[in-house]
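S.K.: sequence below, structure please.
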Amino acid sequence: MEESLNFIEAIIEQDICNEVYSEGISTRFPPEPNGYLHLGHAKSICLNFGLASKYKGRVNLRFDDTNPERENSSYIDAIREDIQWLGFEWHNEFYASDYFEVLYGFAIELIKRDLAYVDDSTPEEIAEQKGTPQVTGVPNRYRGRSIDENLLLFEAMKVGSFKDGAKVLRAKIDMKAANMHMRDPIIYRIKHTPHHRTGSAWCIYPMYDFAHGQSDAIECITHSTCTLEFVAHRPLYNWFIEKLGLFPSKQIEFARLNLAFTIMSKRKLQQLVEKGLVDGWDDPRLPTVAGLRRRGYTPNAIREFCDRIGVAKRDAITDYNLLEFCVREDLNKTAQRRIAVLKPLRVIITNYGQEFTEKIVLENLPGEEAEGSREVPFTRELWIEQEDFMEHPTKNYFRLTLGGAVRLKGAYIILCEHVVKDEDGNISELHCKYFPESKSGHDHSNIKVKSTIHWLSIPFAIPAEIRLYNKLFEIEDPGQTGDEFLKHFNKDSIQVLPNAYVENDLINRDDVGVNFQFVRMGYFIKDRDSTADHFIFNRTVGLRENWKKT
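M.R.: Numbers count the residues shown, from 1 in each chain. Modelled structure (predicted):
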């Protein structure tokens, strides 16, 4: 069956057929180093690296570092780590700052051709002069400056003769253009801020719309993908390339990723971080690649998710269930099983020897003999989940009840005979008996039960903190609320269970970054904040879909 092409692949194949680019296909991933990458960036990474792989081309990683006020090297390190963790390697690593001298020369060329001028107007005056989509813009008196005057003023800007905001360099295009981006856009501004790579060598910096296309052209990028908000920027992208006679890179726009109940904006994510609403850029609730990694998501799951959502021309909101489905499918095949009791209830098996410890053999990964098995200690006193017992059962409740029986996973059938309550009437302890002839694999009891529950031996269980995560926001599309999005932050997006227990074989293992399925409870990963004395596990995803729209 012939594979269908997405619209970007169709464009590329048409270009190949027409021999538009004789040197082969080249793409790039151009992050601004002012925050951590999120799932939207992961979609772009998978797209660009996937195109290069499919058409035997190359991918450049280019950091768009044209705004020194917001950028630093720690973000660069994090971005590199995220891309490599996702399973990709770039051909070249470049920076927009590599081209500062060249871009300055391009600006000089535009001035010499009377296609750029120095403007002394304030930002407010420039905005007013540009008009609105319904009202055409009007030129100001600085637009008529001579070429020589503009060259002198731009050189003075470069050497630091003016304060921040005193002057800008604007392209001279058309103040009456229907496209607002063509109404003499700013291409350089003054910022007396040291740059993370060039230090104080520059105090003027190119705007993104000027640096972006020219950097693509310098690197001979054939297909420059970006999200739909840049459709209106494409005429300007092409204007600069045409006027400067550069390599004809082609900008192609696709729909950005919008994921339900979260946000895909570095600026807004940074507000969550700075206001302390989350635990840094890698908080497991965030849609950042680092946050998803800390939560236990796998590169395979994220790549599969990006492949399933595809590449479209129209924006839409993607259901969070799809992301969870992808990681659940991946972990089901790879995550070893362990037992954890999140909300413990004490069980005493009254007819089991007090000093006796039995080894129960449990498989590590069902159906995978190569993954082996492990021995779990079984003793007289056990922990079970509180929700696995109901004194007055409701209809269709088949777990442990007073007078009822269940099987303990891999072990014996037990029958609850007595309930102990504290002074407040809360159940604190169950007294049960076990049936020695009912051991799993050797059951001769002829007792039929409808449910199997998990358990841990109290003397051998390891205390742990469990973190459960929920929706980051209370509404499906918080991005639509603009700067009011924080009002919809879900204060219950994390639930901490401080008194849980896990299997004792986890105590001597360095399992940070290793996924486990806690039987019946979901998929978990040990958090980086764990210590030898305090284990913390993050729930990646439950065993079943539980993400409901509100």
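
S.K.: for Val376, give its distance to Ile339.
M.R.: Val376 sits 7 Å away from Ile339, going by C-beta to C-beta, to the nearest Å. All C-beta atoms are positioned from the backbone trio N, CA, C, and that covers glycine.

S.K.: what touches both of these two?
M.R.: Common contacts of Val376 and Ile339, defined by C-beta atoms under 8 Å, 6 or more residues apart in numbering, comprise Leu362, Leu456, Glu503.

S.K.: so which of those residues sit within strands?
M.R.: The strands, defined by DSSP state E, take in Leu362, Leu456 from the shared contacts of Val376 and Ile339.

S.K.: please indicate which of the shared contacts of Val376 and Ile339 are buried?
M.R.: By neighbour count, with 16 or more other C-beta atoms under 10 Å, the shared contacts of Val376 and Ile339 hold Leu362, Leu456, Glu503 as buried.

S.K.: so what's Ser26 bridging to?
M.R.: Per DSSP bridges, the residues bridged to Ser26 are Arg58.

S.K.: burial of it, as a residue count?
M.R.: Using other C-beta atoms under 10 Å, Ser26 has 25 neighbouring residues.

S.K.: so for it, what's the pLDDT?
M.R.: At Ser26, the model reports a pLDDT of 97.

S.K.: show me what contacts it?
M.R.: Ala52, Gly57, Arg58, Val59, Asn60, Glu219, Cys220, Ile221, Thr222, His223 are the contacts of Ser26 under C-beta under 8 Å, 6+ apart.

S.K.: ranking by neighbours, what's the top pick from these?
M.R.: With neighbours taken as other C-beta under 10 Å, the top of those is Ile221, carrying 27 neighbours.

S.K.: count of neighbours near Gln480?
M.R.: Neighbour tally, Gln480, other C-beta under 10 Å: 11.

S.K.: ok, back up a step: now the contacts of Ser26 as a markdown table including pLDDT?
M.R.: Formatted as a markdown table, the contacts of Ser26 follow (pLDDT from 0 to 100):
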| residue | pLDDT |
| --- | --- |
| Ala52 | 96 |
| Gly57 | 96 |
| Arg58 | 97 |
| Val59 | 97 |
| Asn60 | 98 |
| Glu219 | 97 |
| Cys220 | 97 |
| Ile221 | 97 |
| Thr222 | 97 |
| His223 | 97 |
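
S.K.: out of those residues, who's nearest Phe29?
M.R.: Val59 (6.5 Å; C-beta to C-beta).

S.K.: tell me where the stretch 401-550 of the chain has strands.
M.R.: 405-408, 413-421, 427-434, 452-453, 456-457, 462-469, 494-502, 515-518, 522-526, 535-541 (DSSP state E, counting those that start in this stretch).

S.K.: ok, which of those strands comes nearest Pro133?
M.R.: Closest of the strands of the stretch 401-550 of the chain to Pro133 is strand 462-469, at 42.2 Å (criterion: C-beta to C-beta).

S.K.: pairing partners for that closest one, with directions?
M.R.: strand 494-502 (antiparallel), strand 535-541 (parallel).

S.K.: give the buried residues for it.
M.R.: Across strand 462-469, burial judged by 16+ other C-beta under 10 Å covers Ala464, Glu465, Ile466, Arg467, Leu468, Tyr469.

S.K.: now stretch 190-203
M.R.: Within stretch 190-203, the residues scored as buried using 16+ other C-beta under 10 Å are Ile190, Lys191, His195, His196, Arg197, Thr198, Trp202, Cys203.

S.K.: just how off-centre is it within its chain?
M.R.: 31 Å (C-alpha atoms, centre = their mean, to the nearest Å).

S.K.: likewise for stretch 445-456?
M.R.: 40 Å.

S.K.: in it, which residues are buried?
M.R.: For stretch 445-456, a neighbour-count test (16+ other C-beta under 10 Å) marks Val449, Thr452, Ile453, His454, Trp455, Leu456 as buried.

S.K.: tell me the one of those residues nearest Trp85?
M.R.: Nearest to Trp85 among those, with distances taken as C-beta to C-beta, is His454, at 31.9 Å.

S.K.: the closest one: what's it in contact with?
M.R.: With C-beta under 8 Å, 6+ apart, His454 has these contacts: Ile339, Val341, Ile384, Glu385, Leu408, Lys409, Val519, Arg520, Met521.

S.K.: tally of neighbours for Asp279?
M.R.: A count of neighbours around Asp279, defined by other C-beta under 10 Å, yields 17.

S.K.: picking up where we left off before, make TSV out of the shared contacts of Val376 and Ile339 and add pLDDT and distance to Asn48.
M.R.: Converted to TSV, the shared contacts of Val376 and Ile339 look like this (pLDDT from 0 to 100; distance: C-beta to C-beta, whole Å):
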residue	pLDDT	distance to Asn48
Leu362	96	44
Leu456	98	47
Glu503	95	42
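
S.K.: tell me the one among the shared contacts of Val376 and Ile339 nearest to Arg539.
M.R.: When those are ranked by distance to Arg539 (C-beta to C-beta), Glu503 comes first, at 16.1 Å.

S.K.: near the nearest residue to Ser428 once chain neighbours are set aside, how many other residues are there?
M.R.: Distances taken as C-beta to C-beta, 6 or more residues apart in numbering put Asp422 closest to Ser428, at 4.7 Å, once the chain neighbours are dropped. Neighbourhood size, Asp422 [other C-beta under 10 Å]: 9.

S.K.: ranking the strands paired with strand 462-469 by burial, who's on top?
M.R.: Most buried of these, by mean neighbour count (mean count of other C-beta atoms under 10 Å): strand 535-541, with a mean of 23.

S.K.: low-confidence stretches in the stretch 401-550 of the chain?
M.R.: By pLDDT under 70, the weakly predicted segments of the stretch 401-550 of the chain are 508-512, 546-550.

S.K.: how about a cut-off of 50?
M.R.: Along the stretch 401-550 of the chain, the parts satisfying pLDDT under 50 run over 549-550.

S.K.: with the stretch 51-200 of the chain instead?
M.R.: Along the stretch 51-200 of the chain, no part satisfies pLDDT under 50.

S.K.: centroid residue for the protein?
M.R.: Centroid-nearest residue in the chain: Thr288, 2.8 Å away (criterion: C-alpha atoms, centre = their mean).

S.K.: please enumerate the helices of the stretch 251-400 of the chain.
M.R.: Assigned by DSSP state H, counting those that start in this stretch, the helices in the stretch 251-400 of the chain fall at 266-274, 289-295, 299-309, 320-334.

S.K.: touching the last one from outside, list them.
M.R.: Residues from elsewhere that reach helix 320-334, judged by C-beta under 8 Å, 6+ apart: 39, 259-262, 296-298, 300-302, 304-305, 308-309, 365, 471, 515, 517, 523, 540-543, 545, 547.

S.K.: one more: the third one?
M.R.: By C-beta under 8 Å, 6+ apart, the list of residues contacting helix 299-309 from outside reads 39, 42-43, 46-47, 85-87, 257, 289, 292, 318, 322-323, 326-327, 329-331.

S.K.: the same query, at a cut-off of 7 Å, please.
M.R.: 42-43, 46, 85-87, 257, 292, 318, 322-323, 326-327, 330 (C-beta atoms under 7 Å, 6 or more residues apart in numbering).
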